[in-house]
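**Q** show me the folded form of this:
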Amino acid sequence: MQTMASKLDPRPVNASRTTISQLMNPENANLAGNVHGGHIMKLVDEAGALACMRHSRQRVVTVAVDRLTFQEPIYIGDLITIVSEVSCVGRTSMEAEVTVYAENPQSGQRRHTNTAYLVYVALDDNGKPIEVPPLDLVTDAERTRFEEGNARQTHRLSRAKTETSIAGHK
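**A** Numbers count the residues shown, from 1 in each chain. This is a model prediction of the structure:
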């Protein structure tokens, strides 16, 4: 996702930061009585999309989701907080880092449950990919995360090429 020269003004990472908080209710439960992973996945996708829309000021579509591993269960009654921000941009694509926390609102105990990286493409009014602004990388951490995002995108593209090649040989 290396940034090419752009005629658009760079935007800072923190301008895309989006936070969603939601109380987990019984209708969010799976058969085990914990919050259904699919519900969390939907919220992760929404938070990532919102961060990318805030950055690009365009509508976006999801094109890739990296592995989403749940490190901790989320329980009914937990308050989940999902924080997302753009971590890397290309010409028309953006990667969002999305982090999920679960908090017991009675005890105040907060747990990091997972982090995911999702890729979105910005679309114009005709549904065609459109150029997005570059990131204004201010801190060393932002620059490092951007470089790591480029490495993840290289891996995604390599994996997609391999999967396409394998699918063509069936």
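
**Q** packing partners for the strand or helix carrying residue 150?
**A** Assessed by DSSP states H and E, residue 150 sits inside helix 140-168. In terms of contacts (3 or more Cβ pairs under 8 Å, 6 or more residues apart in numbering; DSSP states H and E), helix 140-168 is packed against strand 79-89, strand 93-103, strand 110-123. (Glycine included, C-beta is placed from N, CA and C.)

**Q** could you rerun that using 6 Å?
**A** Contact here means 3 or more Cβ pairs under 6 Å, 6 or more residues apart in numbering; DSSP states H and E; on that basis helix 140-168 packs against strand 79-89.

**Q** so what touches the strand it packs on?
**A** 1, 3, 13, 16-23, 43, 47-48, 51, 55, 94-103, 105, 132, 135, 145-146, 149 (Cβ atoms under 6 Å, 6 or more residues apart in numbering).

**Q** can I have the buried ones of those as a PyMOL selection?
**A** In PyMOL, this line selects whichever of the contacts of strand 79-89 come out buried by 16 or more other Cβ atoms under 10 Å:
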select buried, resi 1+3+13+16+18+20+43+47+48+51+55+94+95+96+97+98+99+100+101+102+103+132+135+145+146+149
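
**Q** quick one, the helix holding residue 150 and strand 79-89 angle?
**A** Angle of helix 140-168 versus strand 79-89, following axes from the mean of the first three to the mean of the last three Cα atoms, to 10 degrees, is 80 degrees.

**Q** and helix 140-168, what's buried?
**A** Using 16+ other Cβ under 10 Å as the test for burial, helix 140-168 gives 142, 145, 146, 149, 150, 152, 153, 156.
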